[in-house]
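**Q** here is my input; please provide its structure:
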Amino acid sequence: MLAAVVASVMIHEAGHYFTARATGMKATEFFFGFGPKLWSTVRGETEYGIKAFPLGGYVRIAGMNPLEEPDPADVGRTYREKKFWQKSVVIMSGVVLHFILAYLVLLGLYLGYGIDDPDAPLSEIAVVAPTLDDGTTSPAAVAGIKPGDTVVAIDGVAVAGWEDIEIALAGRPDANVTITVERDAERLTLSTVLSSRVDAATGVTRGYLGVSPAYDRESVGFFQATGLAGRAFVNLTGRTFEALGNLVRPSSLAQLGGAFLGNTDVPNEIRPVSPVGIVQLGVESDFEFMVGLVAMVNIVLGIFNGLPLYPLDGGHFAVAVYERITHREADVRKLAPIAAAVMALMLFLFSVALLLDIVNPISLNG
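**A** Numbers count the residues shown, from 1 in each chain. Purely as a prediction, here's the structure:
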């Protein structure tokens, strides 16, 4: 999983590097990580290497930093001398590659795994709800049921499929039940107290455990997969924008800041995740989920880098648009407070995410 994240970051930087070269710009450095240099080698006019802190990567392009005086030998090959379309291609290539990679990963998932058949629920558990609507722990989570468990009996009575499971649970609202599951070829008997929910269609109160079934899979063709991947991409992108909006609300930032004071019980809905957490999710999930997580990470990176905030890629693009419209060079020194605020926010979120992932590891079920 970590290798996939590193590869995604370097694909982003490779986009900057190759488009810079293709548009005649000089790329002087191509590094993974930041801080002290651990290793490097020079090939041609570019230094390639690794730095101590694996928090991303960068490509240094001559003339891109407006506070640096370009080498006279680089005249004609600097970023600031190029046309608007050339700057745009170089700046936004990384963002575009993240989105392309996310879509291709989703397409591969649909081609490789197909889709759930809604008419064929299985006895295997796919999702365990961590909490009820009122925030209390769900009966399934109390019992210790996990995704991938197969239900084989309820109160000692064998069940042959999801319909049997639904019938057995429906008649036991607020009752003690024992659930026998098969996990890794071992049978476990788990106990819990069901909650109750009113069926909206019938008005009948039914027992509620807090699980959803896995479904039998049906394969899809290439053209169907392209449409499904497109819809999934749009859905994930929308959810990412919503999550980022929730994350930067003052109340969310205040709650996250409380983690430094020992309050590490942060809801997953507003919790940022560090590379440590991403690896943890990958370890406890199956391959299909892990691949989907790679797509999600790329969408998050693409959206975040595309925000029109200096010094993110989107911020550089916004400056290029401003210069195109006004026909005058922007004084980016005036953007220094914005850049400082963006970097401070990034450092804060990364620090909180790392702290939480160490002291309160994130889980798919919590």
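
**Q** got the contact list for residue 9?
**A** If a contact means Cβ atoms under 8 Å, 6 or more residues apart in numbering, then residue 9 has 32, 56, 57, 301 as its contacts. C-beta here means a position set from N, CA and C on the backbone, and glycine is covered the same way.

**Q** the first one: neighbouring residues, count only.
**A** For residue 32, the neighbour count with other Cβ atoms under 10 Å is 18.

**Q** what's the pLDDT at the closest residue to residue 38 other than its chain neighbours?
**A** Spatial nearest neighbour of residue 38, excluding adjacent residues (Cβ to Cβ, 6 or more residues apart in numbering): residue 50 at 4.9 Å. If you check residue 50, the pLDDT there is 93.

**Q** from the chain's centroid, how far away is the helix or strand harbouring residue 50?
**A** Per DSSP states H and E: residue 50 is located in strand 46-61. Relative to its chain's centre, strand 46-61 lies at 22 Å (Cα atoms, centre = their mean, to the nearest Å).

**Q** for the stretch 101-250 of the chain, which segments count as helices?
**A** 139-143, 162-170, 222-247, 250-257 (DSSP state H, counting those that start in this stretch).

**Q** now for the longest one, which elements pack on it?
**A** Yep, that's helix 222-247 we're talking about. On a contact count with 3 or more Cβ pairs under 8 Å, 6 or more residues apart in numbering; DSSP states H and E, helix 222-247 meets helix 84-113, helix 287-306.

**Q** residues touching residue 272, list them.
**A** Going by Cβ under 8 Å, 6+ apart, residue 272 touches 247, 256, 349, 350, 352, 353, 356.

**Q** could you do residue 180 as well?
**A** 151, 152, 153, 154, 156, 187, 188, 189, 190.

**Q** out of these, who's nearest residue 46?
**A** Among those, residue 188 lies closest to residue 46 (Cβ to Cβ), at 56.7 Å.

**Q** for that closest one, give me the pLDDT.
**A** You'll see residue 188 listed with a pLDDT of 94.

**Q** that one pairs with what?
**A** residue 181 (DSSP bridges).

**Q** my read: it touches residue 181, true?
**A** Yes: between residue 188 and residue 181 there is a contact under Cβ atoms under 8 Å: 5.5 Å.

**Q** could you export the contacts of residue 9 as a markdown table, including distance to residue 195?
**A** Output for these, formatted as a markdown table (distance: Cβ to Cβ, whole Å):
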| residue | distance to residue 195 |
| --- | --- |
| 32 | 49 |
| 56 | 44 |
| 57 | 48 |
| 301 | 39 |
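
**Q** by neighbour count, which of those wins?
**A** In those, the most neighbours by other Cβ under 10 Å go to residue 301, 24 neighbours.

**Q** tell me the contacts of that residue?
**A** Counting by Cβ under 8 Å, 6+ apart, the residues that residue 301 touches are 8, 9, 12, 98.

**Q** please redo it, this time with the cut-off set to 7 Å
**A** 8, 12, 98 (Cβ atoms under 7 Å, 6 or more residues apart in numbering).

**Q** looking at these, which is nearest residue 62?
**A** Within those, proximity to residue 62 (Cβ to Cβ) peaks at residue 12, which comes in at 19.8 Å.

**Q** the closest one: helix or strand, and which one exactly?
**A** Here residue 12 is assigned to helix 2-22, by DSSP H and E.

**Q** quick one on the thing from earlier: between residue 188 and residue 181, which has more neighbouring residues?
**A** Using other Cβ under 10 Å as the criterion, residue 188 and residue 181 rank with residue 181 on top: 22 against 16.

**Q** pLDDT weak spots in the protein?
**A** 284, 364-366 (pLDDT under 70).

**Q** residues touching residue 306, list them.
**A** Residue 306 makes contact with 95, 313, 314 under the criterion Cβ under 7 Å, 6+ apart.

**Q** all set now, cheers.
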